[in-house]
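*Asks:* model this:
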Amino acid sequence: MNESQSLMGWAISALGPLYLVLLPLSAVVSFILVIVLLFRGRGAMAVASILLLVHAPLMIGIFAAVQGLVNVYAIIGMSGATPKPAELASGYSVALFAPVVAMLLMIPSYLAACIGTFLRAVCGGNDAVEPPHA
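*Replies:* This next block holds a predicted model:
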């Protein structure tokens, strides 16, 4: 990040257009589906689905980090001279920024899942299997 670039400008350029759209979109969809499953889901399958949905933004963020690191290593491999440490640090910070954003974006879904499943357990949610009637 150079001195003339703001932190917000660096963050937008670090994520790139793909992850700038994909990360918030996955967080919103994840949150909505977690809320729907908390209110309408039944049984163990609903809980398993909630556990998978909460981490969707993080999986996209980890993929972005791997993609960024592959790009940095490709630049290192193709350069004729040894890259400057400042260039490497800049590339790595950009590659690790997407998972940080993803972790921040999954907090609402995580909190909703924790509070919702706790309330379902305490308030006697209808996840219990009824015995067969004779």
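*Asks:* might one say that Ala102 is in contact with Gly61?
*Replies:* Yes - contact criterion C-beta atoms under 8 Å: Ala102 and Gly61 qualify, at 2.6 Å. Where C-beta positions appear, they are placed from N, C-alpha and C, glycine not excepted.
*Asks:* shared neighbours, those two?
*Replies:* Leu23 (C-beta atoms under 8 Å, 6 or more residues apart in numbering).
*Asks:* can you count the residues close to Arg42?
*Replies:* Neighbour count for Arg42, taken as other C-beta atoms under 10 Å: 11.
*Asks:* repeat for the one 10 residues further on
*Replies:* Burial of Leu52 is recorded as 11 neighbouring residues (other C-beta under 10 Å).
*Asks:* can you pull the phi/psi pair for it?
*Replies:* phi -80, psi -40 (degrees, to the nearest 10).
*Asks:* how about Thr82?
*Replies:* Phi and psi for Thr82, reported as degrees, to the nearest 10, are phi -70, psi 130.
*Asks:* okay, helices next: where are they in the protein?
*Replies:* 7-40, 43-54, 56-78, 85-105, 107-122 (DSSP state H).
*Asks:* now these in JSON lines, with mean pLDDT?
*Replies:* Shown next, in JSON lines, are these (pLDDT from 0 to 100):
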{"stretch": "helix 7-40", "mean pLDDT": "91"}
{"stretch": "helix 43-54", "mean pLDDT": "86"}
{"stretch": "helix 56-78", "mean pLDDT": "89"}
{"stretch": "helix 85-105", "mean pLDDT": "85"}
{"stretch": "helix 107-122", "mean pLDDT": "90"}
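*Asks:* now stretch 53-63: how far from the chain's centre is it?
*Replies:* 3 Å (C-alpha atoms, centre = their mean, to the nearest Å).
*Asks:* right, I'll leave it there.
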